[in-house]
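Novice: I need the structure of the sequence given here:
(2 chains)
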Amino acid sequence: MNSHKQITASTGCFSLFALVLACVLGTPVVAQVTAERILNAASEPQNWLTYSGGYASQRYSRLDQITRANVKDLELAWILPNQVFGAWQSTPLVVDGIMYVTQRPNDVLALDALTGRVFWQYSHQVSTDARVCCGANNRGLAILGESLFMGTLDGRLIALDARSGTSLWNIAVADPALGYSLTLAPLVVKDMVLVGVGGGEYGIRGFIAAFDAATGEERWRFNTIPGPGEPGHETWENEGWVNGGGSVWVTPSYDSGLNLTYWGIGNPGPDWNPDQRPGDNLYTESVVALDADTGALQWHYQFTPNDGYDYDSVQVPVLADISWRGTPTKAMLWANRNGNFYVLDRTNGRFLQGTPFVKVSWMSGFDANGRPIQTPPAPGEALWPGNQGGTNWYSPSFSPRTGLMYVSAWEGYASTPVKEEVTYVPGRNFGGGSNSPVVPVPGAPGPRIGRTTPINNWTDAVGNGATIALDPDTGERTWTFRHYDVTDSGILTTASDLLFTGGREGYFYALDATTGEELWKASLGGQIVNGPITYAIDGVQHVSIISGNSLVTFRLRNL
Amino acid sequence: MLPLTRIMSFALLICATDCALAQVFTSDHPGQYTQEEIAAGSRVYSAQCQICHGRNGDQVSGIDLRRGLFRQTRADEDLARIISTGTAAGMPPIALSPADLTGIIAFMRAAFDGTASIQVGDAARGKVLFEGKGECSSCHRVGTTGPITAPPLNDIGMARAPAALERSIREPDSAMMPINRPVRIGMHDGTIINGRRLNEDTATVQIIDDSERLRSIAKRNIRTLEVSTVSTMPAYANRLTDTEIADLVGYLLTLRTR
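Specialist: Next comes the predicted model:
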């Protein structure tokens, strides 16, 4: 179907409706967020009801008050500083004028989305057993009814009363002493809260589980590393499956028509030594489609079989009903950490297309079934893309208006992998090697997981960031907006063809989604490592982003 | 395969800690650790520490292991204790054999140069060379006087490993950090600005120009931005003897003032 024209035609009416609704609901009152409302999140763009803005995870909003013409008139509405050091990766939710956001390690704040003033704060005391590879990160919340849901660094899932911030239930999902953690924003589907576990650097055996939103009782569980008797177990040719990894640390997507949830699965363990775990190592580095009611596997596609590069396939699955090369297609769009942009048929997992969006050296192409033909680097040889990937967990966006997929990419970035034999010790790192970024002179710094200094002493000699637009029909880039430093920012697009994104340098940009032209920017200073959101209160569109330790919100002046 | 000593009970861990502490040197001079100790420490570091602290030792906020920057000044014994017992901030205890513990501290003190194989000469003779025959002080500042167009060297003994210092002296082009590259900027109004890069982002570049002025320049005003990989420093490989270079390295390692 030509979704472009249909949605464009409805945009005008829709915005009016949305703004009227926003006027009615604009004052901060907590309303019931029903499963039906979440299902139809796109039709109430004054709110931001799930991590990715809706089950299709397009991070596309129908709000269009801020336009390419007036975006230069954005002004600061408010700033919420936090008192916690470290990367702030959380995407806020906005429900009828109230914003809910997590901050590290496991705090929840409820605030007035109009003024940034805080109603309440909840702090979970994280067990000293908790161990996480890459910082005390939390990426956000889910909401259902009047309950908020947060996963914790010490492997727990907590339900809070959205009105008071008091605990409703608090359950252990997995053992933190073994390296399990929950860093993703949960997803509510029907009356269940869905989560997966992190810990891929600690030799966990990953899983996905659904819990009763009212009680915390477990409804179903799917092992991302199949055990004996489970399909896929044969892809582990030795006992490596026991500590096989398969972490899940980014929020899934959901197609209610197919009743399928879609999950990106992380790296196998040990990360960098595939020799210790011969076989394809399902379902690591795969997307799995699970029945929403039972957790039963419907299909899978593996991006990087027997991965030796830590190319976590944890990207948010973007669901789009598009005309793909002239055929109406229920597509899944996926720019993977391994450097390829994939188009899959999300009804059955069929591989439609894979195209490198950055330099790729670990494979030379695909066979007829979409399996990569691997060309591993020789010892000491550079790997493209480098360990942090062509992209990573940073939320992409898809605009039904432009038909383009937008991705935060790392270009010109390689690393040299080293594999080493490693013995599993419970709770200890199970990396099995390392990766060193390729740098121009010995000892020069490379791009790191986060930015901790205002001086960029690694420079673009070791890689640069780019906001890129990818065409699902061809797999090719339509445009590139180059950043000097790399970028871990999420992306938001709107019905006025604006694209909002940031980067490690602390610039917050509005680009033209059709051309990539820079229309506006604010120099916020701190690294931007979350995804921007938009919402409306009393008919006024707002845009929020986190930069460094500050949650910053903009709106048009003189409205 | 990890040595068995790392797979140990709590009781053994305590023993290993005490035993190791008694054997670790107290100096912070990298010359007092052997090449073998440094190389062994490099292996331990990549297996045990790199996942959190990163390849360059600067992934944890406020800490730069390679450059010797800690949240508090710490002697070698303090480092050994922290490695063995962990910290309240979240670092887990790591049980290491005495040799591995010594090695990892040696590796940190050697600024992460696990392949270092260099001569460290006489610092006093090196200082004379620095200020005299080598003409280093005609471009590099040490202390409070001297030009600043080239990078000041007040703390270069902490910032660079001996091998890196030697490489910089012999062949500066092969060791110049990308951020320090010379820039030549042509402005839209025809002005040419030469200087050394201090920082850069998508929209701006910060430099110190050849008149020692700090300048931040918007890229929209720049017509051409040339970043050179050729250092303005001459190569000393054929200008100084090996002994003289070793003496210079010895002097530079004493420059540890912040």
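Novice: would residue B:249 count as being in a helix?
Specialist: Yes - under DSSP: H, G, I helix; E, B strand; the rest coil, residue B:249 sits within a helix.
Novice: Assign the nearest residue to it once chain neighbours are set aside to helix, strand or coil.
Specialist: Distances taken as CB to CB, 6 or more residues apart in numbering or on different chains put residue B:165 closest to residue B:249, at 4.9 Å, once the chain neighbours are dropped. Placement of C-beta: from N, CA and C, glycine included. State at residue B:165, reduced to three classes by three-state DSSP: helix.
Novice: List the contacts of residue B:165.
Specialist: By CB atoms under 8 Å, 6 or more residues apart in numbering or on different chains, the contact list for residue B:165 reads B:156, B:248, B:249, B:252, B:253.
Novice: Same question for residue A:458.
Specialist: Contact analysis of residue A:458 by CB under 8 Å, 6+ apart lists A:439, A:444, A:445, A:446, A:447, A:448, B:178, B:179.
Novice: Let me see the contact set for the second one.
Specialist: With contacts taken as CB under 8 Å, 6+ apart, residue A:444 has the following neighbours: A:458, A:461, A:462, B:177, B:178.
Novice: Including distance to residue A:62 and secondary structure, could those residues go into a markdown table?
Specialist: Converted to a markdown table, the contacts of residue A:444 look like this (distance: CB to CB, whole Å; DSSP: H, G, I helix; E, B strand; the rest coil):
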| residue | distance to residue A:62 | secondary structure |
| --- | --- | --- |
| A:458 | 39 | coil |
| A:461 | 42 | helix |
| A:462 | 40 | helix |
| B:177 | 48 | coil |
| B:178 | 44 | helix |
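Novice: Among the contacts of residue B:165, which one lies nearest to chain A?
Specialist: Nearest to chain A among the contacts of residue B:165 is residue B:156, at 12.6 Å by CB to the nearest CB.
Novice: quick one: the closest one and residue B:252 touch, right?
Specialist: Yes - using CB atoms under 8 Å, residue B:156 is in contact with residue B:252, at 5.3 Å.
Novice: Tell me where chain A has helices.
Specialist: Using DSSP state H, the helices of chain A run over A:3-25, A:35-39.
Novice: meant to ask about the stretch 51-200 of chain B
Specialist: Taking DSSP state H, counting those that start in this stretch, the helices of the stretch 51-200 of chain B run over residues B:76-85, B:98-109, B:123-131, B:156-159, B:162-170.
Novice: quick one: the second one near chain A?
Specialist: No - with CB under 8 Å from any CB of the partner chain as the measure, helix B:98-109 is seen stopping short of chain A, the closest distance being 13.5 Å.
Novice: Could you pull up the residues touching residue A:402?
Specialist: Counted by CB under 8 Å, 6+ apart, residue A:402 has contacts A:4, A:469, A:493, A:497, A:513, A:514.
Novice: and what of residue A:244?
Specialist: So residue A:244 contacts A:205, A:206, A:225, A:236, A:268, A:269, A:277, A:281, A:284 (CB under 8 Å, 6+ apart).
Novice: Not counting residues beside it along the chain, what's closest to it?
Specialist: Nearest to residue A:244 is residue A:225, by CB to CB, 6+ apart, at 4.0 Å.
Novice: Now do the contacts for the one you found.
Specialist: Counting by CB under 8 Å, 6+ apart, residue A:225 makes contact with A:205, A:206, A:236, A:241, A:244, A:245, A:246, A:282, A:283, A:284.
Novice: Please tell me how far residue A:374 sits from residue A:281.
Specialist: 13 Å (CB to CB, to the nearest Å).
Novice: Burial check on residue B:188, number of neighbours?
Specialist: Neighbours of residue B:188 under the rule other CB atoms under 10 Å in any protein chain shown: 10.
Novice: pLDDT score for the closest residue in space to residue A:551 that isn't next to it in sequence?
Specialist: Leaving aside its chain neighbours, residue A:551 sits nearest to residue A:80 (4.2 Å; criterion: CB to CB, 6+ apart). On the pLDDT scale, residue A:80 is placed at 96.
Novice: and residue A:80, how many residues sit next to it?
Specialist: Residue A:80 has 21 neighbouring residues, counting by other CB under 10 Å.
Novice: pretty sure it is in contact with residue A:550, am I right?
Specialist: Yes - using CB under 8 Å, residue A:80 is in contact with residue A:550, at 6.9 Å.
Novice: where does residue B:220 land in three-state SS?
Specialist: When classified by three-state DSSP, residue B:220 comes out as helix.
Novice: and residue B:136, what does it touch?
Specialist: B:129, B:130, B:248.
Novice: whoops, residue B:45 was the one
Specialist: By CB under 8 Å, 6+ apart, residue B:45 lies in contact with B:104, B:107, B:108, B:112.
Novice: Where does it sit: helix, strand or coil?
Specialist: Under three-state DSSP, residue B:45 comes out as helix.
Novice: what about the nearest residue to residue A:274 once chain neighbours are set aside, how many neighbours?
Specialist: Leaving aside its chain neighbours, residue A:274 sits nearest to residue A:308 (3.9 Å; criterion: CB to CB, 6+ apart). By the measure other CB under 10 Å, the count of residues near residue A:308 is 24.
Novice: Tell me the buried residues in the biggest strand by length in chain B?
Specialist: Of all segments of type strand in chain B, defined using DSSP state E, the longest is strand B:192-200. Within strand B:192-200, the residues that count as buried by 16 or more other CB atoms under 10 Å in any protein chain shown are B:193, B:195, B:196, B:197, B:198, B:199, B:200.
Novice: show me where pLDDT drops low in the chain?
Specialist: Since no chain was named, I'll use chain A. For chain A, the stretches with pLDDT under 70 are A:1-31.
Novice: Correction: the question concerned chain B.
Specialist: Applying pLDDT under 70 to chain B flags the ranges B:1-33, B:72-75, B:114-118.
Novice: need the residues of chain B near chain A, please.
Specialist: Neighbours of chain A within chain B, by CB under 8 Å from any CB: B:1-2, B:6-7, B:46-48, B:50-52, B:54-56, B:58-59, B:61, B:90, B:92, B:112-113, B:160-161, B:164, B:167, B:174-179, B:181, B:197-203, B:229.
Novice: Mind doing that once more with 7 Å?
Specialist: B:1-2, B:7, B:46-47, B:50-51, B:54-56, B:59, B:61, B:92, B:164, B:174-179, B:199-203 (CB under 7 Å from any CB of the partner chain).
Novice: So for residue A:374 and residue A:281, which sits in the more crowded spot?
Specialist: residue A:281 (28 against 13).
Novice: Let me see the contact set for the more buried one.
Specialist: A:235, A:236, A:244, A:268, A:305, A:306 (CB atoms under 7 Å, 6 or more residues apart in numbering or on different chains).
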